[in-house]
Each structure stands twice: as C-alpha cells, then as structure tokens.
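Engineer: Here is my input; please provide its structure:
(one chain, ligands or ions: 1)
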Amino acid sequence: MRPQIASRSLGLLQRPTKLSWNIGRRAIQTASSSRIPNFAFAFDIDGVLLRASKPIPGAADSLALLKKQGIPFILLTNGGGKHETERVAEISEKLNVSLDASDIVQSHSPFAELVKGPDETSALEHKCVLVAGGDGDNCRRVAEQYGFKNVVTPGDIFMANPSIWPFSKNFSEYYKTFARPLPKPVDPTDPTKGLKIDAVFVFNDPRDWGLDAQVIMDLLLSRGGHVGTLSEKNGRSDLPNHGYQQDSQPHLYFSNPDLYWAAAYPLPRLGQGGFREALEGVWAATTGGPSKGIELKKTVIGKPCQGTYEFAERQLLRNRAKNFKGVSDLPPLEHVYMVGDNPESDILGANSYRSGNGSKWQSILVRTGVYPGGEPAWTPTTIADDVQKGVQWALQTSKWSS
Ligand SMILES: [Mg+2]
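Structural biologist: Numbering: from 1, shown residues only. Got it, this is the predicted structure:
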C-alpha cells in the first residue's frame, strides 16, 4: 500500500529548496526546484510530436517547458528498427531538446530485459536467437546492443541454405550485403547437432514475408528449435495443444501489434500485425488452428499491450528516481498522461493499463495525427487540438502552475 500523501490532490508537493542541490543531471534548475511533480507524461511520436518527420507546432515548446519545470516524460512509440540512441538523436535534433536513450521506449525496447531474463536459466544472453524484420540487419545490431551475444537472421539461414525458401533467390544480392555465417550449420544428416534457435523475435516489420514466415513456421514445428527437424509430437491429440509447441520449440515474440500503419501512400499499409495475421493463417491451415482447439502460443508487445506500458512505467520510475536523486522521500508517481493520436493503440493502452505501482494513466487524444475526428473507437480522458493544448490541460488538471 502506498503511503497517503496529504497534498496529493494538489498534484505537487512542496519541497525545501535546499534539496534541489543534489538531484542529479536532469535536475530542476529553476525557481520550480522547490516542487516535485507527482505526475509524468508519455508521448507517442508520430502524429503527436512529429508528422512526416517534421515537428508539429508546439511540440518542441511543450517538451522544453517540461524539461525546464523538471516534469518527467517518456516517448512511447510502436516504431523501431533502430537503436534507442540513434532514434533519440534524430528526435533531439528535430525538436531541439536533449534526450537520453532512456527517454524513449520503442516497440522492441522491452526485449532488452530478456537478455538477462528474470533468472539465469531463462536468460537469453548467450542463447541463439532469431531476429526477423527491419532493413538489412539493423535489428540484429540493435539486439546486439541490447546484449544478445548470438543473433541469427532469416537472411543468414537463407544464404547458407538457399533451398530453405527458393523464392528468395531473387533477393540474394540484398541478403549478401549483411548475411553472416551461421554459428552452426544446418545439418540434414544429423540436425540435432546443427543450428538450434532458442527464441524468435519479430523485431520490426518483415521485409521478406515469405522467407520469414517459412523460417518461423519451421522453427515452430521443429524438435526443440533445431533447424531442419520436425517434432514427432505435432498433431498428437493426447497432448496439450495437440502436441504443437510442446517440444521445447523457441518462444515467439512480436514487438508491434499494429495491423496497419500510416505511410506516404494515400491508404494505410499493412504493418507487423498484418504479418502476424498471415502467419496465424498459415499456422491454422497447417495445424487445424482454433477450430480444432489449437493455438499459436506467442507473446505480443507494443501499444496497447499491458507489458509495454509496464515497461514504460518502470523506465519512467527509474528516470524519475535519477532526476530526483538525493530526495530521500520522493513522493509516488500518481498520474501519467499518455498523449497520442491513435485511439486503437495510445488511448486503448492507457485506458486499459493497470499499474502495479499505483499510478493512474489518463489519455489525451490529439487531432494532429491519424484520429479523423468524431467519436473515437476508444474514449480518451480528453481530446486536445494538439500536444501543446494537451500538455496545458494536464498541467491544469494536476494544478501545476508553470
Ligand atoms: Mg501516432
């Protein structure tokens, strides 16, 4: 149970000014140093801070104001494909605000926690993981920066074994630019001594759906993740899930549930969620699927999933503790304002998130992105014309006078 704070309804707590001397790199450096906010912000990026890579009016000023006032915020996006340091460098330049890699949560950021895992046996640091999606092997390099030591891409497997998906031969020149030798060969004579994959991550939207779907299906049906094997348990009605995914196959992770995304083309384009639906369709056709009570076991993160909001909140709390280092009795974080343009991800995610830390998330829907106006699919706490208006509303709601 969190301690009750007498002044919580004011949305801020009075602090002696002297405490501000010790509160770290991103400390409050202005007259507001006597105040510790009990709230924070989470901002979606596309359609909120940037549109077609250009700053949305008021976005830069809003972030600058929060920085100046010492109000914590995090950027929370379903985008990805680059490391957080690279992504924040671009955004910092566009919005003229200094940002740290810990200030952003991308769709695949939570995968970094699986490097060490909850315990040593489940740590994936030294296991062999398959990373699919993204341009070239950018996502492999992101995974390596997270700390995964042994990362294979579908392109590596294809270049070493072109017969695994012959239709990708037309893309050989592309795969040649980044493919690496496999850590172990795919050995058809004794596959159990060959390449073994321990986890499958769809890090970003697949570029070669056919190859990626084939390699992932092979692994889901394999014996223990050994490439080139087929589990004898598949289809056994005496086993749970009819024997499917009951033979130590690698777990499957998706980073982004979005079925469609807004691109330059006038109509929305299929996103990673589209690939997942396609794979689910192939899975159902192969195994019998839901009509036979067979599911595809997988983990999906990204907005609006609970896991992504949990990760974002942990990150916010870590950043907040760092910002206010030296404050011995830091008040709890009570409110987080999620500012987004997409009712299906930003708003639904914030509305349905249940915090284990006692914070309450409120949603602010802005009109500068995909939301076309009218009755949104998921009702936000409020609707604002743009991010600046949304921030103003939240500051007023939290009775914070800037
Ligand atoms: Mg957006």
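
Engineer: Now do the same contact list for the residue of the stretch 1-150 of the chain found nearest the ion.
Structural biologist: In the stretch 1-150 of the chain, the residue that lies nearest the ion is Gly47 (3.7 Å; Cβ to the ion). For glycine as for every other residue, the C-beta is placed from the backbone atoms N, C-alpha and C. Gly47 is in contact with Ile56, Ala262, Gly340, Asp341, Asn342, Val366, Thr368, Gly369, Val370, Tyr371, counting by Cβ atoms under 8 Å, 6 or more residues apart in numbering.

Engineer: Can you narrow the residues you listed down to the ones near the ion?
Structural biologist: Asp341, Asn342, Gly369 (Cβ under 5 Å from the ion).

Engineer: Give me the pLDDT for Ser7.
Structural biologist: As predicted, Ser7 sits at a pLDDT of 31.

Engineer: What of Ile71?
Structural biologist: Looking at Ile71, the pLDDT reads 95.

Engineer: Pull up the gap between the closest residue to it other than its chain neighbours and Pro72, please.
Structural biologist: Of all residues not flanking Ile71 in the chain, Pro37 sits nearest, at 4.9 Å (Cβ to Cβ, 6 or more residues apart in numbering). Separation of Pro37 from Pro72 (Cβ to Cβ, to the nearest Å) stands at 7 Å.

Engineer: Break down this structure into its helices, ranges please.
Structural biologist: Secondary structure of the chain (DSSP state H): helices at 59-69, 84-95, 138-146, 154-160, 172-176, 209-220, 272-287, 306-323, 348-352, 387-397.

Engineer: In contact with Val88, which residues are there?
Structural biologist: With contacts defined as Cβ under 8 Å, 6+ apart, Val88 is in contact with Leu75, Leu99, Asp100, Ala101, Asp103, Ile104.

Engineer: Return the member of these nearest to Thr192.
Structural biologist: Nearest to Thr192 among those is Ala101, at 39.9 Å by Cβ to Cβ.

Engineer: Next to the ion in this structure, residues from the chain, please.
Structural biologist: Asp44, Asp46, Gly47, Asp341, Asn342, Gly369.

Engineer: Beta-bridge partners for the residue nearest to Ile71, please?
Structural biologist: Judged by DSSP bridges, the bridge partners of Pro37 are Leu12.

Engineer: hang on, it packs against Trp400?
Structural biologist: Yes. Taking Cβ atoms under 8 Å as the definition, Pro37 is a contact partner of Trp400 at 6.4 Å.

Engineer: Who has more neighbours out of the two?
Structural biologist: The residue with more neighbours, out of Pro37 and Trp400, is Pro37; 25 against 18, by other Cβ atoms under 10 Å.

Engineer: what about Trp378, neighbour count?
Structural biologist: The burial count for Trp378: 18, using other Cβ under 10 Å.

Engineer: Ends of stretch 156-174, what's the gap?
Structural biologist: Stretch 156-174 has an end-to-end distance of 11 Å (Cα to Cα, to the nearest Å).

Engineer: returning to that earlier point: can you pull the contacts of the closest residue in space to the residue of the stretch 1-150 of the chain closest to the ion that isn't next to it in sequence?
Structural biologist: Sequence neighbours aside, Gly369 is the residue nearest to Gly47 in space, at 1.9 Å (criterion: Cβ to Cβ, 6+ apart). With contacts defined as Cβ under 8 Å, 6+ apart, the neighbours of Gly369 are Asp44, Asp46, Gly47, Val48, Arg51, Ala262, Gly340, Asp341, Asn342.

Engineer: need the helix or strand of this structure with the lowest average pLDDT.
Structural biologist: Least confident helix or strand of the chain, by mean pLDDT, DSSP states H and E, is strand 12-14 with a mean of 32.

Engineer: closest point of the stretch 151-300 of the chain to the ion, which residue?
Structural biologist: For the stretch 151-300 of the chain, Cβ to the ion, closest residue to the ion: Ala262, 7.9 Å.

Engineer: Give me the phi and psi for that residue.
Structural biologist: Dihedral pair for Ala262: phi -90, psi 120, per degrees, to the nearest 10.

Engineer: That one contacts Asp46, doesn't it?
Structural biologist: Yes. Assessed by Cβ under 8 Å, Ala262 is found in contact with Asp46 at 7.4 Å.

Engineer: These two: which is more packed in?
Structural biologist: In terms of neighbours (other Cβ under 10 Å), Asp46 is the more surrounded of Ala262 and Asp46; the figures are 21 against 18.

Engineer: Verify the contact between the more buried one and Leu75 for me.
Structural biologist: No. Taking Cβ under 8 Å as the definition, Asp46 is not a contact partner of Leu75, at 10.6 Å.

Engineer: hang on, the earlier thing: in strands only, show me the contacts of Val88.
Structural biologist: The strands, defined by DSSP state E, take in Leu75, Ile104 from those.

Engineer: What's the PyMOL line that selects buried ones from the contacts of Val88?
Structural biologist: Selection of the buried residues among the contacts of Val88 in PyMOL, burial being defined by 16 or more other Cβ atoms under 10 Å:
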select buried, resi 75+99+103+104
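
Engineer: Out of the contacts of Val88, which comes closest to Ala377?
Structural biologist: Leu75 (23.2 Å).

Engineer: how close does Asn96 sit to Lys67?
Structural biologist: From Asn96 to Lys67 the distance is 11 Å (Cβ to Cβ).

Engineer: Please say which of these two ends up with more neighbours.
Structural biologist: Using other Cβ under 10 Å as the criterion, Asn96 and Lys67 rank with Lys67 on top: 17 against 11.

Engineer: hmm, what's the outermost residue in this protein?
Structural biologist: Thr189 (39.3 Å; Cα atoms, centre = their mean).
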